Structure formats: structure tokens, C-alpha cells
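1. Task: produce atomic coordinates for the following.
(one chain, ligands or ions: 2)
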Amino acid sequence: MNRILITGSLGQIGSELALELRKRYGNDNVVVTDIRRVEGSKAMESGPFELLDCTDANAIADLVKKYRVDTIYHLAAILSANAEKNPQLAWNININGLYNVLEVARELKCSVFTPSSIGAFGPTTPKDGTPQDTIQRPTTMYGVTKVSGELLCDYYHKRFGVDTRGVRYPGLISYVAPPGGGTTDYAVEIYYEALKNKKYTCYLKKGTHLDMMYMPDGIKAAIDVMEADPNKLIHRNAFNVTAMNFAPEDIEAAIKKVIPEFTMDYDVDPVRQDIADSWPNYMDDSSAREEWGWKPNYDLDSMTDDMIEKLSKKLNINI
Ligand code: NAD
Ligand code: AKB
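-> Ligands and ions are numbered 1, 2, ... in the order given. All right, here's what the predicted structure looks like:
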């Protein structure tokens with residue numbers, strides 16, 4: 001793996017994944033693309049950047065040829081809460097965008113990383129210790145596109161031999177780029193509000209347990225699964241991966257250990273609550289652990305310490 005192209009690179013994951021990939025493979029070997037520019041973005045400014053709309057298959061193929069790309073990290077997507085606001089747009093970007101990437105990969109012989117999500121599960125999925133292979137009947141457009149994407153990636157591997165790989169991410173928590181309109185965004189916003197205002201109003205209700213992960217572990221998962229020995233992989237796409245699971249009151253308590261005056265109240269958003277209620281409480285990620293050695297480094301307390309340290313520097317706030 002030498003020449004990499006990332007779609008949707010200026011979002012929450014890409015802004016950090018691009019920098020880590022450039023550190024490992026060299027700035028010029030990682031082409032950062034997005035449908036928009038983000039002024040001041042290190043990912044955009046530290047190496048080649050191109051505007052790219054993933055619904056334009058020819059434009060993807062042109063860039064893959066121009067930079068002699070052999071690996072695509074396909075991150076462009078519409079996340080769960082935004083997908084419920086505009087399901088037609090979500091279908092177009094999440095499905096047609098992925099189809100275009102897979103077709104280009106088939107023709108030009110690239111490997112492809114595609115993230116799925118805990119959103120690929122639904123209310124009839126076993127909620128506790130959700131198995132790797134289980135019932136997937138999601139009730140959101142995001143979930144419908146994620147299950148379809150998982151199947152499409154498996155199909156392109158089986159039918160055409162494309163080296164497709166991926167993980168089912170839980171909610172990701174980070175301080176570099178803001179989250180892009182998901183249901184788990186509260187677990188990022190809470191740190192910003194704790195530092196800025198010492199209080200936060202949560203849109204999910206007490207007791208809503210969801211899997212979560214700190215971004216350094218999310219980046220590690222993406223790179224590790226792409227570098228895994230293919231002979232050891234029984235699954236290829238959509239590996240359950242998790243690092244911690246908590247409800248809003250648990251993250252409140254973790255923040256209070258560092259910022260004792262922090263308080264939280266609730267004003268529940270029924271749309272995002274419904275989405276969260278349809279997702280697992282926690283997944284079983286033993287397939288990822290067994291097949292490619294997945295192991296996260298951060299739990300809730302170590303993530304909270306690091307988030308508060310990094311974010312207070314970024315926001316120039318003394319605690
Ligand atoms: P994000 O919303 O932060 O970033 C997505 C990026 O895609 C944005 O920069 C946006 O400008 C770009 N984009 C939108 N439409 C595009 C188009 N037509 N062509 C090209 N780019 C386009 O999302 P993210 O959090 O970085 O997520 C990346 C992937 O990981 C998605 O597939 C998402 O479903 C998945 N995922 C994310 C999380 C999470 O918590 N962040 C969890 C599970 C799965
Ligand atoms: C979202 O909430 O939509 C994402 C995800 C878990 O897929 N963070």
C-alpha cells in the first residue's frame with residue numbers, strides 16, 4: 001500500500017486519518033479530497049488536496065489515474081441525524097458514492113476501506129453483546145445505506161476480488177474536527193460545553209447506552225484492518241469494533257472528576273432518541289480481536305483526561 005486517496009477527508013475522521021497516513025506513508029503519497037474546502041485544515045494544507053464529489057465516478061477515476069492510487073479510504077457520507085433530515089441525499093451519497101468508488105477500484109485495481117456503523121443494526125438486533133453476524137433490520141435511512149454498503153463491499157470482494165475491508169464504528173469522540181450530524185455527537189459537544197460554559201443540555205435521555213471510541217483508536221482500527229494479513233481474515237468488511245460503552249450520566253460523571261463544577265440537564269430530541277434506541281447497547285468485537293488483533297487503548301477516563309487537556313489548549317481555556 002503506497003498511494004492513497006481519501007474521500008470526505010475534511011470531516012471528523014478524515015481530518016485525523018489523513019495526517020496519520022501521511023506520517024506513515026509520506027505527505028505526497030496521500031491525496032486528500034472532499035467536496036468542500038476547510039480553511040486552516042492541516043489535512044488540506046499538508047499535501048495534495050483535490051475537490052472531489054464521490055457521486056461523480058469519472059472524477060474519482062481521473063484522480064486515481066492522476067496520482068496512481070492503489071488504496072482508497074472512502075469516508076464521504078451523510079451521518080444518521082442528517083440522513084433523517086434528507087434521506088434522498090443520504091441514499092445518493094452513501095450508496096451511489098460507494099458504488100462509484102467500488103467500480104473505480106474494480107477497474108483500476110485499488111483496495112478499499114469503507115466504514116460501517118453501529119447504525120447498521122436495528123431494533124430487532126440483539127442489544128447486548130451484539131454479535132458480529134446477526135439480524136440487521138435498521139429503521140433509519142443511514143442504517144439502510146450502511147447495511148447495503150456492507151453487502152456491496154462483500155459482493156465486490158467475492159465476485160470481483162476487490163480487496164474491500166472495513167469496520168463498524170461506534171460513536172467517535174475527537175477534538176480536531178467537529179462531528180458531521182450524527183446521533184452520538186452529544187459525546188463530543190459535552191466536552192466543548194463543559195470547558196466553555198461548565199454545563200451541557202443533553203438531547204439523549206439518561207440510561208441511553210451506546211458504544212463509543214476515542215479517535216486515536218478509530219484511526220488505529222482503520223489502518224490496522226487495512227494492514228491485516230488477508231489469510232487470517234474470515235470476515236473482511238464491517239468488523240464490530242468498540243472501546244467503551246456509556247450512557248450520558250456516565251460521561252457526565254467522568255467529566256466531573258476533572259471539572260467538579262460541571263452540570264448536565266436533559267432536553268430530549270425525539271428523532272435522535274429514536275435512532276439511539278434502535279442501536280445496540282454494546283457490541284461483541286471478538287471477531288476483530290481474533291482475526292486482526294484489534295485492541296483499543298482508551299477507556300472513558302483516559303479519553304476524558306486527554307480530551308480535556310487537548311481541547312482546553314485548542315480553545316485557550318485554563319481549567
Ligand atoms: P463527517 O460528516 O464528519 O465527514 C464526511 C465528509 O464527507 C465531510 O467532510 C463532507 O464534506 C464530505 N462529503 C459530503 N458529501 C460528499 C460528496 N458528495 N463527495 C465527497 N465528499 C462529501 O463524517 P465522519 O464522521 O468523518 O464519517 C466518515 C465515515 O465514517 C462515514 O461513512 C460515517 O458513516 C462513518 N462513521 C462515522 C462515525 C463517527 O462517529 N464519526 C461512526 C460510525 C461510522
Ligand atoms: C452517527 O451518530 O451517525 C455516527 C455513527 C455512530 O455512525 N456517529
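2. distance of Gln273 from ligand 1?
-> 17 Å (Cβ to the nearest ligand atom, to the nearest Å). Using the backbone N, CA and C atoms, a C-beta is placed for each residue, glycine as well.
3. OK, contacts around that residue?
-> Under the criterion of Cβ atoms under 8 Å, 6 or more residues apart in numbering, the neighbours of Gln273 are 203-205, 208.
4. repeat that with 7 Å
-> 204-205 (Cβ atoms under 7 Å, 6 or more residues apart in numbering).
5. quick one: it is in a strand?
-> No. Counting by DSSP: H, G, I helix; E, B strand; the rest coil, Gln273 is not found in a strand; it is helix.
6. Look at it and report its pLDDT.
-> Predicted confidence (pLDDT) for Gln273: 98.
7. Quick one: the strands in the stretch 151-300 of the chain, in order.
-> Ranges of strands in the stretch 151-300 of the chain, per DSSP state E, counting those that start in this stretch, are 164-165, 167-169, 171-173, 199-202, 210-214, 239-240, 244-246, 263-266, 282-283.
8. which outside residues touch the fifth one?
-> To tie it back to what came earlier, the one meant is strand 210-214. 118, 169-173, 184, 187, 242-246, 276, 279-280, 282-283, 296, 298, 303.
9. Tell me how far the residue of the stretch 101-250 of the chain found nearest ligand 2 lies from Ala276.
-> Per Cβ to the nearest ligand atom, Gly182 is where the stretch 101-250 of the chain lies closest to ligand 2, at 2.5 Å. Using Cβ to Cβ, to the nearest Å, we find Gly182 at a distance of 10 Å from Ala276.
10. repeat for Ile135
-> According to Cβ to Cβ, Ile135 stands 18 Å off from Ala276.
11. So between the two, which is more surrounded?
-> More neighbours surround Ala276 than the other of Ile135 and Ala276, with 22 against 12 (other Cβ atoms under 10 Å).
12. which residues touch the more buried one?
-> If you count contacts by Cβ under 7 Å, 6+ apart, Ala276 has them with 183, 204, 208, 210.
13. For the residue of the chain most remote from its centre, which non-adjacent residue is spatially closest?
-> The C-alpha centroid of the chain is most remote from Glu261, which lies 31.4 Å away (Cα atoms, centre = their mean). Closest residue in space to Glu261, ignoring its immediate chain neighbours: Lys198 at 5.3 Å, by Cβ to Cβ, 6 or more residues apart in numbering.
14. count of residues packed around the one you found?
-> Neighbours of Lys198 under the rule other Cβ under 10 Å: 14.
15. Phe262 is in contact with that one, correct?
-> Yes. Using Cβ atoms under 7 Å, Lys198 is in contact with Phe262, at 5.5 Å.
16. which parts of this protein sit against ligand 2?
-> Contact residues, the chain versus ligand 2 (Cβ under 6 Å from any ligand atom): 79-80, 117-119, 142, 170-171, 182-184.
17. same thing but 5 Å
-> Those residues of the chain that sit near ligand 2, judged by Cβ under 5 Å from any ligand atom, are 79-80, 117, 119, 171, 182-184.
18. Do me a favour and average the pLDDT over the longest helix seen in the chain.
-> Longest helix of the chain, by residue count under DSSP state H: helix 141-160. For helix 141-160, mean pLDDT is 98.
19. Over to stretch 242-249?
-> For stretch 242-249, mean pLDDT is 98.
20. Now it - C-alpha only, CSV.
-> The C-alpha trace of stretch 242-249 is given here as CSV (Å, rounded to 0.1, in the frame of the first residue of the first chain):
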residue,chain,number,x,y,z
THR,A,242,-15.7,-0.9,20.2
ALA,A,243,-13.7,0.7,23.0
MET,A,244,-16.2,1.6,25.7
ASN,A,245,-19.9,1.9,26.2
PHE,A,246,-21.6,4.5,28.3
ALA,A,247,-24.8,6.5,28.9
PRO,A,248,-25.0,10.3,29.2
GLU,A,249,-24.8,10.2,33.0
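21. Low-confidence bits of the chain, can you list those?
-> Across the chain, the ranges flagged by pLDDT under 70 are 1.
22. Outline the domain layout of it.
-> 4-170+214-240, 174-212+244-281+298-315 (automatic domain parsing).
23. Make JSON lines out of these and add distance to Arg289.
-> Converted to JSON lines, those look like this (distance: least, Cβ to Cβ, whole Å):
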{"stretch": "domain 4-170+214-240", "distance to Arg289": "9"}
{"stretch": "domain 174-212+244-281+298-315", "distance to Arg289": "14"}
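24. Nearest approach to Ser287 belongs to which of the ones you listed?
-> Nearest to Ser287, of all the domains of the chain, is domain 4-170+214-240, at 4.2 Å by Cβ to Cβ.
25. wait, does the closest one contact ligand 1?
-> Yes. For domain 4-170+214-240 and ligand 1, the contact criterion (Cβ under 5 Å from any ligand atom) is met by 8, 10-13, 34-36, 53-54, 75-77, 93, 115, 117, 169.
26. Looking at the residues you listed, which are in strands?
-> In this view, the residues of domain 4-170+214-240 next to ligand 1 that belong to strands under DSSP state E are 34, 117, 169.
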